[in-house]
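> Pasting the sequence and the predicted model now:
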Amino acid sequence: MNDGNWNALKSFLEHRPDALTAKISDSGNTVLIDAVVAGHTNIVKELVNLMSVQDLEAQDISGYTALAAAARGGIKEIAETLVAKNRKLVSVSEFKNKKIPIVIASENGHEDMTRYLYDITPLEDLKDKNGVELLKHCISAGTLFDIALDLLQRCPKLGIPFDEKVSPLLAVLSLICEEISNLDMNFFEKVGVYKSIFKAIKYGIEEVVEEVLKCHPYIFRYEDRKKRSILSYAVSERQENIFRILIENKRNHILASIKDRNKNNLLHQAAILPSSEQLDKKVTGAALQMQRELQWFEEVKKIVQPRHKLKTNKDGKSPKSLFTDQHKGLVEKGEKWAKDTAKSCSVVAALITTITFEAALEVPGGIKSQGEAFIRRTLFNIYVISDTFSLFSSTIAVLVFLGILTSRYREQDFLKSLPRKLMIGLGTLFFSIATMMIVFATILVIMLFDRWGTISFPLVLLAGGPVILYAGLSRQKLGVFQASSSPGVMADVAKVVAR
């Protein structure tokens, strides 16, 4: 074996066929494992031909298979021979730390072996600590960032802590930043650092951007293929949190003045309409999306120098004119959405107005001969007050929705005017429905007072159903508009800009 003499070994195995799979050393090595450790590629190939698929899975005292031994030695040709006959070997782990061959190859610094095994190792085998270890070794190597990035994208679960103290994702990020700080900027393109940064911006992974900027602040100078800076790219991708991180950097005035291939400055980027997929991620409904776009444009405008607000791009368009051209379709969709909503709600509000007006003319339970209502004074007061509130709130809702239907629908109307009207309209409509159901419940109690427990009480509970249903259906619309006027990401951005 030590001399690599296959003929001698073959003759021995013919006389002792049991030796082919027997443990031949104190460490539990088989003939195949010894051949792999010795690096005798030809002998390994001959032995593989003689052995069954199961024989290849034999392990030594530490749990190393022949493939694990090849991974440790970095002999790719032997690994290919073994895997060709038994692909399951890539998933067999050693005993102590449960490491699979790809992790063993990566921790021993064998780049070619690691890349080969990564292509054939099942993804399921990398969704536990093996995946975390592989990430660490790939980043430490300094030349396997592409595998680390691909693994993070394919296995989001690696971001979940496997112990309670350290998140693997944060540990990996820390290692990345540590390695980046030791690299020359000219090497960034080769190892995929720039590509990774722009991907992090695209998917809104603010931790990556923040940590990389800390360890290498001059990375802000890099531009993508369209000559967009990282700040311009964050604006075009509508990533508010990353935008906030970048403008906190003292160099944001430099980034704000950079132009892309089409001479678009930062405000031009905010004026370009993103894809429908990007819009739908933030809010739904064309009117709400238009409001969001206007808010975004106004916030970006605050960090752009006055002279850049009127600058034209390659097509001779200023940021404002580009915004108008890009958002014409969204304005039309927003107008249709708002009018459809207003039409539907105004019909409901008009019906409630009719019902509550009619109810105001009727005294529940009839009139006594003495001319006094034969009802309890407290219930009657609740009935009158609720009916009045329902009548006036539904009337206000009708007028507000009529105002929406007759609005001019200019761009700026979507920023504050239209959202405010919709908030008032939906709010008053909800209030009118709630008070109308109180009127209904009060009438039931008055009419069926003697049978309160058996009939009235269950019916009163059912009366709350429409109110709860409407609240659930309208919660998204009301919530979005309220969020637009309350502190949030946009408010945080505004605070940073104002410094």
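Thanks, I have it. Just so we're clear, the structure is a prediction, and the values are computed from it rather than from any experiment.

> C-alpha from now on. contacts and neighbour counts both.
Noted.

> which stretches of the stretch 51-200 of the chain have low pLDDT?
Residues of the stretch 51-200 of the chain that meet the criterion pLDDT under 70 lie in 142, 156-192.

> so where do the helices sit in it?
66-73, 76-85, 101-107, 111-120, 129-141, 145-154, 168-180, 188-191, 193-202 (DSSP state H, counting those that start in this stretch).

> same for the third one, what does it pack against?
With contacts defined as 3 or more Cα pairs under 8 Å, 6 or more residues apart in numbering; DSSP states H and E, the packing partners of helix 101-107 are helix 66-73, helix 111-120, helix 129-141.

> tell me the most buried of those?
Mean neighbours per residue, mean count of other Cα atoms under 10 Å, is largest over the helices and strands packed on helix 101-107 for helix 66-73, with a mean of 26.

> residues making contact with it?
The contact list for helix 66-73 (Cα atoms under 8 Å, 6 or more residues apart in numbering) reads 32-33, 36-37, 56-59, 76, 78-79, 82-83, 89-90, 100-102, 104-105, 108, 110, 113.

> filter those residues to the buried ones?
32-33, 36-37, 56-59, 76, 78-79, 82-83, 89-90, 100-102, 104-105, 108, 110, 113 (16 or more other Cα atoms under 10 Å).

> would CSV of the helices and strands packed on helix 101-107 with distance to I272 be doable?
Putting these into CSV (distance: least, Cα to Cα, whole Å) gives the following:
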stretch, distance to I272
helix 66-73, 51
helix 111-120, 39
helix 129-141, 36
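
> can you tell which of these is closest to E248?
E248 lies closest to helix 129-141 among these, at 28.4 Å (Cα to Cα).

> quick one: the closest one to helix 111-120, angle?
Interaxial angle of helix 129-141 relative to helix 111-120 (axes from the mean of the first three to the mean of the last three Cα atoms, to 10 degrees): 150 degrees.

> ok and helix 129-141 relative to helix 145-154, angle-wise?
Note on geometry: by the same axes, to 10 degrees, helix 129-141 and helix 145-154 are set 150 degrees apart in direction.

> Which strands or helices does helix 129-141 pack on?
Using 3+ Cα pairs under 8 Å, 6+ apart, helix 129-141 is in contact with helix 101-107, helix 145-154, helix 168-180.

> rerun that using 6 Å as the cut-off
Applying 3 or more Cα pairs under 6 Å, 6 or more residues apart in numbering; DSSP states H and E, one finds that helix 129-141 contacts helix 101-107.

> Show me what the helix it packs on is in contact with.
A68, A71, R72, V90, T114, L117, L134, H137 (Cα atoms under 6 Å, 6 or more residues apart in numbering).

> nearest to D340, of these?
D340 lies nearest to L134 out of these, by Cα to Cα, at 54.4 Å.

> Can you report how many residues lie near the spatially closest residue to the closest one that is not a sequence neighbour?
With Cα to Cα, 6 or more residues apart in numbering as the criterion, L134 has its nearest non-adjacent residue at 5.4 Å, and that residue is V103. V103 is flanked by 29 other residues according to other Cα atoms under 10 Å.

> ok, back up a step: out of the helices and strands packed on helix 101-107, which comes closest to S432?
Smallest distance to S432 across those (Cα to Cα): 57.0 Å, for helix 129-141.

> The closest one: how far from the chain's middle?
Helix 129-141 sits 24 Å away from the centroid of its parent chain (Cα atoms, centre = their mean, to the nearest Å).

> and for it, what are the contacting residues?
V103, S106, E107, L144, F145, A148, V172.

> so where do the helices sit in the stretch 301-450 of the chain?
According to DSSP H, counting those that start in this stretch, the stretch 301-450 of the chain carries its helices in the segments 306-309, 319-326, 328-360, 377-405, 417-447.

> JSON lines for those helices, including distance to D128 and mean neighbour count?
What follows is those, written out as JSON lines (distance: least, Cα to Cα, whole Å; neighbours: other Cα atoms under 10 Å):
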{"stretch": "helix 306-309", "distance to D128": "50", "mean neighbour count": "13"}
{"stretch": "helix 319-326", "distance to D128": "46", "mean neighbour count": "18"}
{"stretch": "helix 328-360", "distance to D128": "45", "mean neighbour count": "18"}
{"stretch": "helix 377-405", "distance to D128": "55", "mean neighbour count": "20"}
{"stretch": "helix 417-447", "distance to D128": "47", "mean neighbour count": "21"}
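
> Format those helices as TSV; extra columns: distance to E94 and mean pLDDT.
Converted to TSV, the helices of the stretch 301-450 of the chain look like this (distance: least, Cα to Cα, whole Å; pLDDT from 0 to 100):
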stretch	distance to E94	mean pLDDT
helix 306-309	62	86
helix 319-326	59	94
helix 328-360	59	91
helix 377-405	70	89
helix 417-447	62	86
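
> is it possible to export those helices to a markdown table including distance to Q291?
Output for the helices of the stretch 301-450 of the chain, formatted as a markdown table (distance: least, Cα to Cα, whole Å):
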| stretch | distance to Q291 |
| --- | --- |
| helix 306-309 | 20 |
| helix 319-326 | 13 |
| helix 328-360 | 9 |
| helix 377-405 | 15 |
| helix 417-447 | 8 |
